[in-house]
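Enquirer: Quick check, what structure comes out for this input:
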Amino acid sequence: MDKKIILITGGQRSGKSRYAQTLALSLTDEPVYMATSRVWDAEHAARIKRHRDERGPQWTTIEEQKELGRHDLSHRVVVVDCVTLWATNYFFDLHSDADKALAEMKAEFGRLTLREAVFILVTNEIGMGEMSQNDLQRKFAGLQGLLNQYIASKADEVFLMLSGIPLKIK
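Expert: Residues are numbered from 1 along each chain as shown. Model prediction:
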């Protein structure tokens, strides 16, 4: 299996995760789902369980909040869902230091993608709406935008999801 990086981006509820999972299943019968979300509350825990149950038994699920590269995913098809929650974990753990978070995530992304595998990364385009009045939200949106640009520059393919329709942009 050759190494390949695919980035799927778009707004909330645009169909990113569904498309990523469908793509992964078209490439292998045993994909990996790397979940980056922290469990914020009981409602979020129930949502995570529902999503895991919907994926079915053919998926290997790895819950990893930050150190994506520590898992040996050689020769696997891996959906990382999602980059935005991964960035949130770094941003808050580093006390909103966006520069340090970006540097650490770039290094971790490099460790992850050293392996021969297909990586399908899901991310949000949070900067496409109106500019937040909140300084912390603007700072995070800037971090997310720079991280998306970095991953897109390394990606072999990039898809923008609009209303459930994938548009190949790279």
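
Enquirer: buried ones in the helix with the most length in the chain?
Expert: Counting residues, the longest helix in the chain under DSSP state H turns out to be helix 135-154. Within helix 135-154, the residues that count as buried by 16 or more other C-beta atoms under 10 Å are 139-141, 143-144, 146-148, 151-152. Backbone N, C-alpha and C define where each C-beta goes, glycine included.

Enquirer: Just give me how far the helix or strand of the chain with the lowest mean pLDDT sits from the chain centre.
Expert: Least confident helix or strand of the chain, by mean pLDDT, DSSP states H and E, is helix 42-55 with a mean of 80. How far helix 42-55 lies from its chain's middle: 17 Å, per C-alpha atoms, centre = their mean, to the nearest Å.

Enquirer: Just the buried positions in that helix, please.
Expert: 48, 51, 55.

Enquirer: swap in stretch 90-97?
Expert: In stretch 90-97, counting by 16+ other C-beta under 10 Å, buried: 90-91.

Enquirer: partners of the following helix or strand past the longest helix of the chain in the sheet?
Expert: Sequence-wise, the next helix or strand downstream of helix 135-154 (DSSP states H and E) is strand 157-162. When pairs are called by DSSP bridges, strand 157-162 turns out to pair with strand 4-10 (parallel), strand 165-168 (antiparallel).

Enquirer: Okay, buried residues for strand 157-162 please.
Expert: By 16+ other C-beta under 10 Å, the buried positions in strand 157-162 come out as 158-161.

Enquirer: Greatest separation within the residues you listed: which pair is it?
Expert: Val158 and Met161 (10.8 Å; C-beta to C-beta).

Enquirer: Find the residues that touch each one of those two.
Expert: Taking C-beta atoms under 8 Å, 6 or more residues apart in numbering as the contact rule, Val158 and Met161 both touch 8-9.
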